[in-house]
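> What follows is a predicted structure for the sequence shown.
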Amino acid sequence: MSVHERAQSISPGEPAKALWISTIAFTLCFAVWTIFAIIGIRIKQELGLSEAQFGLLVGTPVLTGSVVRIVLGIWTGRYGGRLVYTVTMLAAAAATFLLSYATTYAQMLIAGLGVGLAGGAFAVGVAYVSPFFPPEKQGTALGIFGAGNVGAAVTKFAAPVVLIAWGWQAVAEIWALVLAAMAIVFWFTTTDDPAFRVRRDRKLPSKSLLQEFAPLRNAQVWRFSLYYFFAFGGFVALSLWLPRYLIGVYGFNLEVAGMVAAAYSIPGSIFRAFGGMVSDRKGARSVMYVMLAVSAVTTLILSLPAAPASGSAFGITPPVFIAVIFVLGFVMSLGKAAVYKHIPAYYPENIGAVGGIVGMMGGLGGFILPIAFGLLKDLTGLWSSCFLLLFAIVAISLIWMHLSIRQLERRGLSAPVVTAT
């Protein structure tokens, strides 16, 4: 769709309404998606789960939310984000409500697969929001939308209170009802995105799957996916794992652990909008360099043993841990925005498919990493081993990115829109 067509099909105030309603909806979706970060701890106690089983439990919704992003991204292009977003929220709400009736570990895992549909809303939102804005504003717009990651902090703040008062089942039921109500509000307050309206009005045929996935032959897409595997996947993994980590390492109770974990989640979410703005102004390449470099330093620091366990002067005390994890969450938020600045710039005709693939890889990071954290803890006995794994991922990403950029520079190539590879 051309700039002229886009401008003609959008009424004043429509982009702002689409962006903010979508962001609120995504915030609630993310709150549901990370619900096991809190109620999973109580379930672990009730069922006597191992650390690996707990990691699988909290990661199961992330798995569904990751894989389904590809399908939802393509469906958004074919059927419109307004319809797909609404249906996705209603389906996730139904699964979350049914979770409250699960009594066995197997039932929890099955319900978790349905809860994970809430995470797929990200791919829908990216493809829905992008066409409302010109290229020079898409980084900021998608950064604001992505700030809906703060839903993880909403769960960490509110869920412990509800859990203690009425039980974990009440958390699932309340979160489900709120999400269902948001789905109804979304349907009646938004319009179809301009790109879908043009295709619908002109009766343009849908792309074949081969055409949708043609960009995936480009190694660039997979580099973006690796960056997002860490920036988003690592964020989700730590959002799910930190309450358990703080309880196991520092002996915090559930309420305090949830509050401290939220201190990580909040900057890792709300500053994503800032990351989008900086990516628009300074270029995504610069933002990515800063994110990966600072993340390498912070994860290496956090890889040191905790002070209570080591008894060493070099151990990480709780105040130091909280300060460093805050910095890590902040730079991750910048990286998440920078990665998604690339997609509408490089692949404007395949935002749904490419955004779905990159989002899927990021989501898979959120699924794989908590399980890996649990396995590493069971195998080594070291809680800090999770941060050593994250350091390795960051180091590989930074090296790959730098080598790719140097190769492009030697060929005399550049990326004028986003200043990134």
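Cool, got the structure.
> Pull the residues that contact stretch 294-301.
For stretch 294-301, contacts defined as CB atoms under 8 Å, 6 or more residues apart in numbering pick out 230, 316, 324-325, 327-328, 331-332, 335, 387-388, 390-391, 394-395, 398. For every residue, glycine as well, the C-beta is placed using N, CA and C.
> Would you map the helices across the stretch 301-421 of the chain?
Counting by DSSP state H, counting those that start in this stretch, one finds helices in the stretch 301-421 of the chain at the ranges 307-310, 318-346, 351-380, 385-410.
> closest to G81 out of those helices?
Nearest of those to G81, taken as CB to CB: helix 351-380 at 9.1 Å.
> could you give the angle of the closest one to helix 385-410?
Going by axes from the mean of the first three to the mean of the last three CA atoms, to 10 degrees, helix 351-380 is angled at 140 degrees with respect to helix 385-410.
> picking that back up, just name the closest of the contacts of stretch 294-301 to A25, please.
Nearest to A25 out of the contacts of stretch 294-301 is M332 (CB to CB; 22.3 Å).
> Identify the residues contacting that closest one.
F230, A231, F232, G234, F235, G268, M291, S295.
> Most neighbours among the contacts of stretch 294-301, which one is it?
With neighbours defined as other CB atoms under 10 Å, the most crowded of the contacts of stretch 294-301 is G335; it has 31 neighbours.
> That one reaches S286, doesn't it?
No. Applying CB atoms under 8 Å as the test, G335 and S286 come out as separate, 11.6 Å apart.
> ok, back up a step: tell me which of the contacts of stretch 294-301 has the lowest pLDDT.
Within the set of those, pLDDT is lowest for I316 (83).
> hang on, the earlier thing: if any of the contacts of M332 are buried, put those into a PyMOL selection.
Here is the PyMOL selection string for the buried members of those, based on 16 or more other CB atoms under 10 Å:
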select buried, resi 230+231+232+234+235+268+291+295
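> Make TSV out of the contacts of M332 and add distance to G73 and secondary structure.
Converted to TSV, those look like this (distance: CB to CB, whole Å; DSSP: H, G, I helix; E, B strand; the rest coil):
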residue	distance to G73	secondary structure
F230	21	helix
A231	18	helix
F232	15	helix
G234	22	helix
F235	20	helix
G268	23	helix
M291	24	helix
S295	27	helix
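> Any idea which of the contacts of M332 the model trusts least?
Minimum pLDDT for those is recorded at G268 (66).
> host element of V260?
Using DSSP states H and E, V260 sits in helix 254-265.
> Please enumerate residues in contact with that helix?
Residues from elsewhere that reach helix 254-265, judged by CB under 8 Å, 6+ apart: 37-38, 41-42, 149-150, 152-153, 156-157, 159-161, 163-164, 235, 238-239, 242-244, 246-247, 252, 322, 325-326, 328-329.
> 7 Å instead?
38, 41, 150, 152-153, 156-157, 160, 238-239, 242-243, 246-247, 252, 322, 325-326, 329 (CB atoms under 7 Å, 6 or more residues apart in numbering).
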